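> I'll drop the sequence and a predicted model, then ask my questions.
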Amino acid sequence: MPAAGLRVAFGPSLFLACGVALAQAGGSIALLSDYRWRGVSLSDDRPTYQLSATYDHPSGWFGGASLTGVALGPYDRRQVQLLGYAGYAGRLSERLGWEAGATGVHFSVDSRYDYGEAFAGLNGERWNMRLHYAPDYFGRGMRTAYAEFNVGVPLSALVRATAHAGALVRVGGVPAEDGRADLDCSIGLAVSRDAWEVRIDWVAGGRSSVYPTAYGHAANSTLVLSASFAF
């Protein structure tokens, strides 16, 4: 997962909504010391920005999009990643919900890396788990499945702790050079006050041949700092 914005990246909140159902729309702007996607830097280990917008309808439909500065390919060209998603969320019980939808990713310069994914998952009050399937991950001719588990635990009125674990597996198409699963994980602390949030996350992931060459030299693990303002 990205170090910042679990909700921005994939669907509704980690926590089940309570009380009266109302349509909710919002957005945020964030500055990141590094943009990590499933443990791998997409910003060449450098600071970048992210703009996002979300919408949740009381019927269960949700959607959103984000714009993030990235650097791809062997020539390290700076460009924008546009990520959009849409889906539907429902309840299985008071404490357990489900969701399903699709995500599309487009790169403003290196559009050959564009791809789409379908996802489905379960979520509780403080956790969620999802399975994603991509028929052509990063335009590399590989079919992949990505499983993730996320937890968010409030420590006080202002502070919460987060944790994430994920695994990307090739399930068909062109074989990868290393031919193995890619694992990633993160743990973090977030401090929120009014519309502001500051986060620190330790993010770990491997060097993978699935991603374009420029990603390969990024560190296996790093601390990511981020600050965001919601509106």
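Looks like it arrived, so ask away.
> buried stuff in stretch 142-152?
For stretch 142-152, burial by neighbour count (16 or more other Cβ atoms under 10 Å) applies to 142, 144, 145, 146, 148, 150, 151, 152. (Each C-beta comes from the backbone N, C-alpha and C, glycine too.)
> Tell me where the protein has helices.
Here the chain has its helices, by DSSP state H, at 6-9.
> And the strands in it, which stretches?
Applying DSSP state E to the chain gives strands spanning 24-32, 36-37, 40-41, 48-56, 61-72, 77-91, 97-107, 115-123, 127-134, 142-154, 159-173, 182-193, 196-205, 221-230.
> how about the ones you listed, which one is nearest residue 212?
strand 61-72 (5.4 Å; Cβ to Cβ).
> Parallel or antiparallel, which strands does that closest one pair with?
Strand 61-72 pairs in its sheet with strand 48-56 (antiparallel), strand 77-91 (antiparallel), by DSSP bridges.
> How far does that strand sit from its chain's centre?
Mean C-alpha position of strand 61-72 versus that of the full chain (Cα atoms, centre = their mean, to the nearest Å) differs by 9 Å.
> got the angle for that strand vs strand 97-107?
40 degrees (axes from the mean of the first three to the mean of the last three Cα atoms, to 10 degrees).
> returning to what we had before: from the buried residues of stretch 142-152, which is closest to residue 92?
Nearest to residue 92, judged by Cβ to Cβ, of the buried residues of stretch 142-152 is residue 150 at 18.1 Å.
> Check whether residue 70 really touches residue 83, as I assumed.
No: counting by Cβ atoms under 8 Å, residue 70 stays clear of residue 83, with 10.4 Å between them.
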